[in-house]
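J.: turn this into a model:
(chains A, B and C)
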Amino acid sequence: MMGLPMMTILIFLPLAAAIVVAAIDRKKTGALYGVGLAGSLAALALAAVVFVRFDPDQAALQFVERMAWIPSAGVSYHIGVDGISLPLVMLTAVIMPLALLSAWGSIAERIKEFVFSMLVLETALLGTFLAADLVLFYVFWEAVLIPMYFIIGLWGGPRRSYAAVKFILYTMTGSALMLVAIITLYLHSGPSLGARTFDLAQLRQLRVAMPLQAWLFGAFALAFAIKVPVWPLHTWLPDAHVEAPTAGSVVLAAVLLKMGTYGFLRFLLPLFPQATLQFAPLLSALAILGIIYGGIVSWAQPDVKRLVAMSSVSHLGLVTLGVFVMTVPAMQGSLLQMVNHGISTGGLFLIVGVLYDRTHSRLLGDYGGVAALMPRLAPLALIVVLSSLALPGTNGFVGEFLILLGTFRANPVYAALATSGVILSAVYLLWMYQRVMQGPVAVKERARMTDLTRREQWLFIPLIALIFWIGVYPSPLLRRSEASVRALVQDVRERGNAAHLASHESRVTSHDR
Amino acid sequence: MVLEVIVALPLAGWLINGLAGGRLPRGVVGAIGCGTVGAACAASVMAAGDPAVAGGGLTATLFTWLSAGEFTVSAGLFMDRLSALMALVVTGVGFLIHVYSIGYMADDPAYARYFAYLNLFVASMLLLVLGGNLLVLFVGWELVGLCSYLLIGFWFDRERAASSGRKAFIVNRIGDAGFLLGILLLATTAGNLQFDRLAAASGGMAPGLLTAATLLLFAGATGKSAQLPLYVWLPDAMEGPTPVSALIHAATMVTAGVYMIARLHPLFLHAGYTLSVVAAVGAVTAFFAATVALVEWDLKRVLAYSTISQLGYMFLAMGVVMMPAGMFHLTTHAFFKALLFLAAGSVMHAMRGVVDMRRLGGLAGPMRWTAAGFAVGGLALAGVPPFAGFFSKDLILEGAFEWAQRGGAMLVWIAGLATAFVTAVYVTRAMMLTFAGPAADPGHPHEAPAVMGLPMAVLAALSFGGGLLGARVAGEPLLRYLEPFFVDSAIGVLKDRPMPAAGVITALPVAVSLAGILAGFALYRDRREVTLGALGRFLSHQWYIETLYDAVIVTPAKRLAHLLADVVETRGIDGAVNGVGALVGRAGLAVRGLQTGFVRNYAAAILAGTILMLGYWLFR
Amino acid sequence: MSVPLEAYLALSALLFVLGTTGVLVRRNALVVFMSIELMLNAVNLTFVAFARQRLAIEGQLAVFFVVVVAAVEVVVGLAILIAIFRTRDTVDIDDVDLLRG
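T.: Numbering: from 1, shown residues only, chains lettered A, B, ... in the order given. Purely as a prediction, here's the structure:
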């Protein structure tokens, strides 16, 4: 195992598959999708090996690979996985093959480019989650935008170019500021660390003085908050989701949004502990607003995709809350909930995709009584819906409960407000389920509502298995994330408070003088 | 081991019928559905016989479910005397209703789905009553809610059924949000959700916290057990198949709140005035629902309001610290209310779905056995001795009276008594309208097949003789059985209980019940429509409670949602975002004149810029 | 006897001004091109003069870059010119304002 650069292989396996795809004749649809699937499944297999071999007791990065990249500028190719990135790597590896499979038969033109984009996207996503160097991270982070832009802009709905441009401009605005902050950090690292560096582990030692730290925190937080998206920076999301093709929506909801919450945990908290503690109430408040606002707005959406997109705002509000209350259960719950949201909302978008392929409508009003026409889809859809509204026994409950538990410990009022999300999610999700699945048959072209094909069934089986597995026996995931989360919470609390005390003391002494 | 088997059996039935039921013959589906529950019942009997149950309780820990930080919850099962009783009621009555369903659902195309849901319900309910800690209980608690949702909306192609199911789920969720907060509060203060640890920790907890926690838990109970203010879902739940109403919405699920209070009674006892709130809510609900049942025309909805009312009695019992009586009433109610529902189902079966009592009547002739069953259930419900309901209701009222003497509100006892009267009236009314007089609807009603009749017969026997479980003459076996469990709650009520003075307190409820029956008989003897004027309107609008909810909560919430979605979101937030974009665009328009397209202009600009820069460098 | 640096610089400045004037006032694209060449070579002259003066190689190195860039520019530029001439039948740059905002 030593010597084999597991992480590098994992990151670039999809890219290699993409290159193979580029060489295949564009008429061979089966071969294109086949190679794409094989590439992403190989990555999944590798990720599974990493998952099994992962040492749960170790908080630091594992499977570390480190090489000088641009030594003169302190940039290194530094990658590795820990308890915080592992769940997201697994999520990415699971979702990508499903997204590709969902496109098979649904996306009919420019298949070659599509599969290529998806595979490049997977590499960029895995790189984002595994990078431990700020420049490397930034490169992957921005690289995600390019294939996603094309996926929305080329294979999307009627308003795709509006949505794609909005998506890219909105997220780029945040990232541009983050880049400034990264460079500022780099410039500051010289004097106190001896040599300028972009390496995360070294930059964590850096203590940036307070007003500047708050500004840098703001720049990073903005970039991540847009991606999450934290209320009120969310409006790119419904548009992007509505216009994106199914596979794009699935990846967008399941994985891309997690880049933001992952960024909070990986960069924002450890780099700026003092500012984090100072601004946590603000972000928690926004998160709670998002939970309630997203829930209420979802209810009034006539468009299924928009409904699910707004529900993501609500769900990720809960995840964000779990990050910023800074307790171990809440943060572990958050991490688990990122995975859960990927599974359940990914599943919801797959369902919408299955329906859209048949009716070419996303409007709730065009559906009704589908359960009678598609008896195989109905129970699967119900399970996904229940997972999304966090019914005990499904994955959603475990994450939600841990977040609420940790939040309650930190601030019962936050927890009470966040619990309203429990009610709201039942309101809009069951409303959606009833509108689409129940009631008298209201679909115009009955004949087109054929039940799930074998391929479509295989989209849901893995998700359902994960829903129950995590819902009933989440220990394998929780155990692997615990050490890293515990270390992070402790680290932020200690350094945040210590720095706070130090600055407070110095202010006092200077005042005395 | 046996505990796992009890839960796993119906779960297996769910899996088999749910996954392969469509391809199995109906006989096999029914056999699996009933067989698993019957086997679970047998296993429950076996488990209840285990000496450990009488001692500290039989436990089975499966695995660590959740562990984050120092907080750990295991997936564990637990059976003591209380859960043994509940498990027996659930599997016993559940088995009978499963058997009945074979006949009732015989013609339904979704036969397998029905039995799958029903089995899932039994498994969930067993998880609820056998859960080893509060969180596992909550899992069962939510899952029975899910099954209720699924079964109310079983005929999902009917808009009303689907909406009623959704309403049930959402109203329950409102209560469950409170329940969840209560769990969080307990988990945070006690650090553990194991029942015995919670009980042990309750003494040391701050009374304020404990009051808050128990009130939050009780909020969950008002949802699940359909008490004020969250009762609104249960009448609508009658959209589901009638055996479901019997099993879930009468005998088992709705009693979960009562069970929860019994299970956590050490907490409630230590929690200041929570129990007074429980008693008050129970008394008011009992009376309220009974009065509404008086004017309902839908036979099933009469029974639904009756269930709400009887659940109110149980909460009343819990509130006045007469907890064993509450559990006793839970048991007898499971018998007679299930019987009433099954009899009503038999009527519907015969009348092709008609439940409006104005269109029923004269069924006593063609449906003699059903009528007899309904009569037994009705007499038990009305509290006529020696039927089962008499003993349990009497004990509760006795407890309420003693509670009042110990300093509680006499009004609770009076409400209980008044409810007893109204109950007798409405049950007589239902009986008369349905079974007496000439046939109102020209149909050919027929008696139910044996597979439906037999369960009714067994339940009728239990409704008749079940009172012996708590009758003083029989030595009160059930109360004695539960006594060790409630050792700290039934203070002076069971032990050394003095014979009620002069028998007035005992005689009064009986007198009231008989008076109610006579009144009902007099009023509805010739099937007249009795109009009660303004009072009648008030009652038939369910005291305008739902109207109030619609006006104050539902409609404003919908308006808010549309306001946020159509105005704030699009014009406000997204408007601001697009506004920024438009601003950039307009700025571009302002300077586009500079972009002439003539190369020489650009060159001149470059030159001018260069000269300016040079000038700056030279003369600064 | 060697020519003083100032002379080279003066010549270079003169050439540069000539080139600039040409770019600004002429309308024929080909002449504009030649004027640009003139400007580039004025700069080249300065580079070489300084390189000689300071006995350093960098100046000559820079000249190579400029020459290469100039050659590339001519290739691309002329190609564009030909394309324009083919579509519009003119090489008058005042007739070409496709990029007007």
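J.: only the buried residues of the longest helix seen in chain C, if you could.
T.: Among all segments of chain C classified by DSSP state H, the helix with the greatest residue count is helix C:58-88. By neighbour count on 16 or more other CB atoms under 10 Å in any protein chain shown, the buried set for helix C:58-88 is C:59, C:62-63, C:70, C:77, C:81, C:84. For the C-beta atoms, the positions are set from N, CA and C on the backbone; glycine is no exception.
J.: which one of those residues is nearest A:Tyr138?
T.: If you rank the buried residues of helix C:58-88 by distance to A:Tyr138 using CB to CB, C:Ala62 comes first, at 33.5 Å.
J.: show me what contacts the closest residue to B:Gly208 other than its chain neighbours?
T.: Nearest residue to B:Gly208 in three dimensions, chain neighbours excluded: B:Gly272, at 7.9 Å (CB to CB, 6 or more residues apart in numbering or on different chains). Residues in contact with B:Gly272 (CB atoms under 8 Å, 6 or more residues apart in numbering or on different chains) are B:207-208, B:210-211.
J.: over to B:Gly272. Which of the three states is it?
T.: Applying DSSP: H, G, I helix; E, B strand; the rest coil to B:Gly272 yields a three-state assignment of coil.
J.: need the residues of chain C near chain B, please.
T.: Selection of chain C residues close to chain B by CB under 8 Å from any CB of the partner chain yields C:20, C:23-25, C:32, C:93-94, C:96-101.
J.: quick one, which of those residues are buried?
T.: Burial by neighbour count, judged by 16+ other CB under 10 Å, picks out C:20, C:23-24, C:32, C:93, C:96 from these.
J.: how many neighbours does A:Arg204 have?
T.: A:Arg204 is surrounded by 14 other residues when neighbours are defined as other CB atoms under 10 Å in any protein chain shown.
J.: report pLDDT for it.
T.: A:Arg204 is assigned a pLDDT of 86 by the prediction.
J.: what ranges in the chain fall below the confidence cut-off?
T.: I'll assume chain A. Counting by pLDDT under 70, chain A shows low-confidence ranges at A:1-3, A:498-513.
J.: not what I meant, chain C
T.: Per-residue confidence of chain C (counting by pLDDT under 70) places the weak regions at C:1, C:101.
J.: how far off centre is the helix or strand containing A:Ser161?
T.: Here A:Ser161, judged by DSSP states H and E, is contained in helix A:160-193. On the basis of CA atoms, centre = their mean, to the nearest Å, helix A:160-193 is displaced by 18 Å from the centre of the chain it belongs to.
J.: same question, stretch A:405-421
T.: The gap between where stretch A:405-421 is centred and where its chain is centred comes out at 23 Å by CA atoms, centre = their mean.
J.: what's the span of it, first residue to last?
T.: End-to-end distance of stretch A:405-421: 14 Å, with CA to CA, to the nearest Å as the criterion.
J.: okay, buried residues for it please.
T.: A:405-411, A:414-421.
J.: filter those down to the ones near chain B?
T.: A:405-406, A:408-409, A:415-416, A:419-420.
J.: related to what we said a few turns ago, show me what the helix holding A:Ser161 is packed against.
T.: Identification of packing neighbours for helix A:160-193 by 3 or more CB pairs under 8 Å, 6 or more residues apart in numbering or on different chains; DSSP states H and E yields helix A:134-155, helix A:200-203, helix A:210-227, helix A:236-243, helix B:574-591.
J.: with respect to C:Phe50, which of those helices lies nearest?
T.: Distances from C:Phe50 to each of the helices and strands packed on helix A:160-193 were compared using CB to CB; the minimum, 37.7 Å, belongs to helix A:134-155.
J.: now do the buried residues in that closest one.
T.: Here helix A:134-155 shows A:134-145, A:147-155 as buried, counting by 16+ other CB under 10 Å.
J.: sec struct for A:Tyr77, please.
T.: A:Tyr77 - assigned by three-state DSSP - is strand.
J.: show me what contacts it?
T.: Each residue near A:Tyr77 by CB under 8 Å, 6+ apart is listed here: A:65-69, A:133, A:136.
J.: cutoff 10 Å now
T.: Applying CB atoms under 10 Å, 6 or more residues apart in numbering or on different chains, one finds that A:Tyr77 lies in contact with A:8, A:65-70, A:131-133, A:135-136.
J.: beta partners for it?
T.: On DSSP bridges, the residues paired with A:Tyr77 through beta bridges are A:Met67.
J.: right, and the helix or strand after the longest helix that chain B contains?
T.: What stands out as the longest helix in chain B, according to DSSP H, is helix B:159-190. Tracing the chain past helix B:159-190, the next element assigned as helix or strand by DSSP H and E is helix B:195-202.
J.: separation between B:Phe387 and chain C?
T.: To chain C, B:Phe387 is 93 Å away according to CB to the nearest CB, to the nearest Å.
J.: ramachandran angles for that residue?
T.: Dihedral angles of B:Phe387 (phi, psi; degrees, to the nearest 10) stand at phi -70, psi 160.
J.: with B:Gly132 instead?
T.: Note on B:Gly132: backbone dihedrals following degrees, to the nearest 10 are phi -80, psi -10.
J.: quickly find the element holding the residue of the stretch 401-550 of chain B found nearest chain A.
T.: Closest to chain A within the stretch 401-550 of chain B is B:Tyr549: 14.2 Å, counting by CB to the nearest CB. Here B:Tyr549 sits within helix B:545-549, counting by DSSP H and E.
J.: output the contacting helices and strands for that helix.
T.: Applying 3 or more CB pairs under 10 Å, 6 or more residues apart in numbering or on different chains; DSSP states H and E, one finds that helix B:545-549 makes contact with no other helix or strand.
J.: how about residues contacting the helix or strand following that helix?
T.: Downstream of helix B:545-549, the first helix or strand assigned by DSSP H and E is helix B:555-563. Contacts of helix B:555-563 with the rest of the structure, by CB under 10 Å, 6+ apart, involve A:295-301, A:424, A:427-428, B:549-550, B:568-569.
J.: show me which of the residues you listed are buried.
T.: Buried subset of the contacts of helix B:555-563 (neighbour count, 16+ other CB under 10 Å): A:295-301, A:424, A:427-428, B:568-569.
J.: including distance to A:Gly347, could the ones next to chain B among the buried residues of stretch A:405-421 go into JSON lines?
T.: As requested, these are arranged in JSON lines below (distance: CB to CB, whole Å):
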{"residue": "A:Leu405", "distance to A:Gly347": "25"}
{"residue": "A:Gly406", "distance to A:Gly347": "26"}
{"residue": "A:Phe408", "distance to A:Gly347": "28"}
{"residue": "A:Arg409", "distance to A:Gly347": "31"}
{"residue": "A:Ala415", "distance to A:Gly347": "27"}
{"residue": "A:Ala416", "distance to A:Gly347": "29"}
{"residue": "A:Thr419", "distance to A:Gly347": "24"}
{"residue": "A:Ser420", "distance to A:Gly347": "24"}
